[in-house]
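Peer 1: structure of the sequence below:
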Amino acid sequence: MKKALKYYIIHKPYGVLSQFTDKEGRKTLKSLYNFPKDVYPVGRLDMDSEGLLILTNDKLLTDYLLNPLNKHEREYYVQVEGIPTEESLQKLREGVIIQGRKTLPAKVKVINTPDFPERVPPIRFRKTIPTSWLSITIVEGKNRQVRKMTASVGLPTLRLIRVRIKNILLGDLKPGEVRELTKMEISGLYK
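Peer 2: Got it, this is the predicted structure:
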């Protein structure tokens, strides 16, 4: 009998690991929802990052989304310390050197403050240093890449929220909320 394929998205909150077990007793996805036993996250978000995470038991989709040759877009809303200059934005767009390698070109623009709940715990606030929000879309997913990119142009990341993977949007999911994907969303992931 063919197993039923399941597809979920979750708004991963800050401080939660993108896995189901942790030897150190930190908070994991298991604490947020009772997922079927054979469902796993596709990729990951660091403990201090938030936002969209896809979980599935569809191994073909997982392999497709994790293969760097497929270069699918991932969009992040990033709160940075400081005000970006046009020069720093252009460097991010063209690719910056992190860990001895140049990142692929990215789509980068300044955005208005998005309507997300305050993070718990809140980001550090410094009266003398303004913050800005950027939309950064990349097609590769190296470890802590967006944070390293913004730091390389003098804009340390304070908060990072993934809002899109290909055609799948975080939308109005609140931190910790889960929903199943629609058939249309699933077919869009394969295109």
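
Peer 1: so how far does stretch 53-61 reach from one end to the other?
Peer 2: 14 Å (C-alpha to C-alpha, to the nearest Å).

Peer 1: typed the wrong thing, it's stretch 63-80
Peer 2: Taking C-alpha to C-alpha, the first and last residues of stretch 63-80 lie 32 Å apart.

Peer 1: and it, how far out from the chain middle?
Peer 2: Chain-centre distance of stretch 63-80: 8 Å, with C-alpha atoms, centre = their mean, to the nearest Å.

Peer 1: could you count how many residues lie near I136?
Peer 2: For I136, the neighbour count with other C-beta atoms under 10 Å is 24. C-beta: built from backbone N, CA, C; applies to glycine.

Peer 1: again, but for K12
Peer 2: K12 has 29 neighbours, counted by other C-beta under 10 Å.

Peer 1: wait, it sits on E50?
Peer 2: Yes: in this structure, K12 is within contact of E50 by C-beta atoms under 8 Å, at 6.0 Å.

Peer 1: mutual contacts of these two, please.
Peer 2: Shared contacts of K12 and E50 (C-beta atoms under 8 Å, 6 or more residues apart in numbering): P175.

Peer 1: need the pLDDT of the residue nearest to D48 when sequence neighbours are not counted.
Peer 2: Nearest non-adjacent residue to D48, counting by C-beta to C-beta, 6 or more residues apart in numbering: Y14, 6.3 Å away. On pLDDT, Y14 comes in at 96.

Peer 1: the chain should start at 5 in everything you say after this.
Peer 2: Done: numbering now begins at 5, and the last item shifts to Y18.

Peer 1: just the element for Y18, please.
Peer 2: Following DSSP states H and E, there is no helix or strand that holds Y18.
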